[in-house]
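Q: here you go, sequence then predicted model.
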Amino acid sequence: MNQPISFQLSEDQQAFRAEVKRFMAETVIPHAGEWDETGYFPKAELNAAWEMGIMNLCIPEAQGGSGMSLLDTVIIGEEVAYGCTGYSTSMMANELALAPIVLGASEEDKEKWLRPFTEEPRLACFCLSEPGAGSDAGSLRTRATLEGDEWVLNGSKQWITNSTHADLYVVFATTDTSLRQKGIGIFLVERGTPGLTVMPHENKMGQRASDTAPVVFENCRIPKANCVVEPGKGWAVAMKTLDYSRPMVAAAAVGLAQRCLDESIGYAKERKTFGKPIAQYQSIGFKIADMAIKTEASRLLCYKAAWLCDQGLSNNAEASYAKAAAADWAMEIAVDAVQVFGGYGYVKEYPVEKLMRDAKLIQIYEGTSQIQRLIITRELFR
């Protein structure tokens, strides 16, 4: 009982957060609206984030990584998402794709596949979801067949972030669809491998600066050694990966919510009706107060889920608490921000219109809010 609970960030965490905030203010925020409008993929700006050392934070020090904790990662992720969640999703997708290698591969494979990401800017993508296997990812149909010294992949993946620009595809495939989860392994496919085709990217409602496109494998042959998690063990690694990544998604929701809150406060102080700022009306003040309550509660849920993971403790339920609550509240907060802005909130000249569109996706990817509730129910009644 000698270890007190502390909500005080370390000096290093505070300093790094301030540096990320400055980077986003200079490099991303001035351009986020244009990227959204045109669907531009900010590859050069992601390279700048790599140069700054805020990408691939899951890579251990042994493979040349920063060795940052998940709590460090979500603190950084919140600030990145504050600037643009499309940009942050592309960064976060690298963490999601590399985490299965960190969590499930041998030390030799970690060195081979992770080290290049510390030596130059590279992108990776996490290939789990399929056209007919989204929430029920255990029913995936992509097949891996061993032929001599090669694995042959056939199938397709859907909603794959970074796929158009990825250097490495982390693919979940099964040796036998009748085995469901018990047949799944993890296979690594390098960009340019014959039989790998990336389809045209999706024209999305929001988070348009992130690249999302289907991936097709047609007799795609890879070396036998590119199976880094053997069939039968891939599903467990996938679930551990999502327990690691969902606090990051929650952090993105917190960053978006905080941006909505700050924009609403600034506007409510400036906008006047009937001779006084609208912040002085209780109807507006209470709405913004509720936005602040939900933002701070989301942040604390996110921090706890990340802290548990860093301690080596189960965070299965807590990661779902954080993801579901932060995502749902971010959507509510974004809608409220548009309401605070009134008619101006509905036009692209002001940022809250984009924030509302961006928020919706957070309720969907990496497990919908409904799936999070299924996980929570299972844990409560276990």
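A: Sure, I can see it.
Q: residues contacting the lowest-mean-pLDDT helix or strand in the chain, please?
A: Least confident helix or strand of the chain, by mean pLDDT, DSSP states H and E, is strand 272-273 with a mean of 92. Strand 272-273 has contacts (Cβ atoms under 8 Å, 6 or more residues apart in numbering) with 278, 281. C-beta coordinates here come from the backbone N, C-alpha and C atoms, glycine included.
Q: what strands flank it, and is each parallel or antiparallel?
A: strand 276-277 (antiparallel) (DSSP bridges).
Q: how far is the partner strand from where the chain is centred?
A: 39 Å (Cα atoms, centre = their mean, to the nearest Å).
Q: repeat that for stretch 302-316.
A: On Cα atoms, centre = their mean, the centre of stretch 302-316 falls 17 Å from that of its chain.
Q: then that stretch to PDB, C-alphas only?
A: Only the C-alpha atoms of stretch 302-316 are listed here, as PDB (Å, rounded to 0.1, in the frame of the first residue of the first chain):
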ATOM      1  CA  CYS A 302      -7.700   5.500 -21.800                       C
ATOM      2  CA  TYR A 303      -4.800   6.100 -19.400                       C
ATOM      3  CA  LYS A 304      -5.900   3.200 -17.100                       C
ATOM      4  CA  ALA A 305      -6.200   0.800 -20.000                       C
ATOM      5  CA  ALA A 306      -2.700   1.700 -21.200                       C
ATOM      6  CA  TRP A 307      -1.200   1.600 -17.700                       C
ATOM      7  CA  LEU A 308      -2.600  -1.900 -17.100                       C
ATOM      8  CA  CYS A 309      -1.000  -3.100 -20.400                       C
ATOM      9  CA  ASP A 310       2.300  -1.600 -19.400                       C
ATOM     10  CA  GLN A 311       2.200  -3.500 -16.100                       C
ATOM     11  CA  GLY A 312       1.700  -6.800 -17.900                       C
ATOM     12  CA  LEU A 313      -1.900  -7.000 -16.500                       C
ATOM     13  CA  SER A 314      -5.000  -8.000 -18.400                       C
ATOM     14  CA  ASN A 315      -6.700  -4.900 -19.900                       C
ATOM     15  CA  ASN A 316      -9.200  -6.700 -22.000                       C
END
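Q: what residues sit buried inside it?
A: Using 16 or more other Cβ atoms under 10 Å as the test for burial, stretch 302-316 gives 302, 303, 304, 305, 306, 307, 308, 309, 310, 315, 316.
Q: quick one: residue 63 from residue 12, how far?
A: Going from residue 63 to residue 12 by Cβ to Cβ, to the nearest Å gives 21 Å.
Q: which one's more surrounded, those two?
A: residue 63 (21 against 10; other Cβ atoms under 10 Å).
Q: tell me the contacts of that one?
A: 110, 111, 114, 115, 118.
Q: please report phi then psi for it.
A: phi -100, psi 20 (degrees, to the nearest 10).
Q: could you do residue 94 as well?
A: The phi/psi pair for residue 94 (degrees, to the nearest 10) is phi -70, psi -40.
Q: would you confirm that residue 37 contacts residue 353?
A: No: under the criterion of Cβ atoms under 8 Å, residue 37 makes no contact with residue 353, lying 11.2 Å away.
Q: got a list of what the spatially closest residue to residue 241 that is not a sequence neighbour touches?
A: Of all residues not flanking residue 241 in the chain, residue 99 sits nearest, at 4.6 Å (Cβ to Cβ, 6 or more residues apart in numbering). By Cβ under 8 Å, 6+ apart, the residues touching residue 99 are 58, 241, 244, 245.
Q: give the buried residues for whatever helix or strand residue 99 lives in.
A: Using DSSP states H and E, residue 99 falls within helix 85-104. When burial is assessed from 16+ other Cβ under 10 Å, helix 85-104 yields the following buried residues: 85-104.
Q: the stretch 51-200 of the chain: helices as residue ranges?
A: 70-83, 85-104, 107-119 (DSSP state H, counting those that start in this stretch).
Q: could I get these as JSON lines with distance to residue 31 and mean pLDDT?
A: Listed next are those as JSON lines, based on distance: least, Cβ to Cβ, whole Å; pLDDT from 0 to 100:
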{"stretch": "helix 70-83", "distance to residue 31": "10", "mean pLDDT": "97"}
{"stretch": "helix 85-104", "distance to residue 31": "9", "mean pLDDT": "97"}
{"stretch": "helix 107-119", "distance to residue 31": "25", "mean pLDDT": "97"}
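Q: could I get those in a markdown table, plus columns for distance to residue 253?
A: Listed next are the helices of the stretch 51-200 of the chain as a markdown table, based on distance: least, Cβ to Cβ, whole Å:
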| stretch | distance to residue 253 |
| --- | --- |
| helix 70-83 | 8 |
| helix 85-104 | 8 |
| helix 107-119 | 26 |
